[in-house]
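Participant: need a structure here:
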Amino acid sequence: MGLTETKLAIIPALGGTHNLPRLIGPAKAKELIFTGRAIDGQEAFDIGLVNHVVPQNSNGDAAYQRSLLLAQEIVTQGPIELKVVKTAINKGSQVDLDTGMAIEEACYAQVIPTKDRIEGLMAFKEKRPPRYKGE
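Facilitator: Residues are numbered from 1 along each chain as shown. Here you go, the predicted model:
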């Protein structure tokens, strides 16, 4: 994978020059974009571009299988909280720190009145898995 457009004397489009530096830092992004070098999965993992690297299995679906394991872990969380925290991360990571903190505070306020929040606290207190209903 890579942003190899510089090898064609053009620049990465569709946000490549904005998104890659935000993900891996400007210095590493410049190196990859300036050289037009493609990287493998292990290097992508090493620089924080991807979260997981898995060896391919005989069915050719190792990445898919790993994603299912991750999804099984995520699905046990509160659905309202997941939606709201996704908003907080997506919006908050694109603005200055003070604005990001305000977004987080507004998002936090949305989960306070939920039944799922109470269920999570009770489950923690009772040392049992929570049973979230999206309420």
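
Participant: hang on, isn't residue 16 packed against residue 3?
Facilitator: Yes: shown here, residue 16 and residue 3 form a contact pair, counting by C-beta atoms under 8 Å, at 4.9 Å. All C-beta atoms are positioned from the backbone trio N, CA, C, and that covers glycine.

Participant: more neighbours, the two?
Facilitator: Between residue 16 and residue 3, counted using other C-beta atoms under 10 Å, the more crowded position is residue 3 (21 against 16).

Participant: and the more buried one, how far from residue 74?
Facilitator: The gap separating residue 3 from residue 74 is 29 Å, by C-beta to C-beta, to the nearest Å.

Participant: so what sits against both of residue 16 and residue 3?
Facilitator: residue 33 (C-beta atoms under 8 Å, 6 or more residues apart in numbering).

Participant: residues in contact with residue 78?
Facilitator: 111, 114, 116, 117, 119, 120, 130, 132, 134.

Participant: then residue 79?
Facilitator: By C-beta under 8 Å, 6+ apart, the residues touching residue 79 are 116, 132, 134.

Participant: go again with 10 Å.
Facilitator: Residue 79 is in contact with 114, 116, 132, 133, 134, 135, counting by C-beta atoms under 10 Å, 6 or more residues apart in numbering.

Participant: buried ones in the worst-scoring helix or strand of the chain on mean pLDDT?
Facilitator: Lowest by mean pLDDT, DSSP states H and E among the helices and strands of the chain is helix 16-24, with a mean of 88. Using 16 or more other C-beta atoms under 10 Å as the burial criterion, the residues of helix 16-24 that qualify are 16, 20, 21, 24.

Participant: same deal with stretch 50-70?
Facilitator: residue 50.

Participant: on that earlier part again, what is the least confident helix or strand of the chain packed up against?
Facilitator: Under the contact criterion of 3 or more C-beta pairs under 10 Å, 6 or more residues apart in numbering; DSSP states H and E, helix 16-24 touches helix 26-35.

Participant: now the helix it packs on: mean pLDDT?
Facilitator: Mean per-residue pLDDT for helix 26-35: 93.
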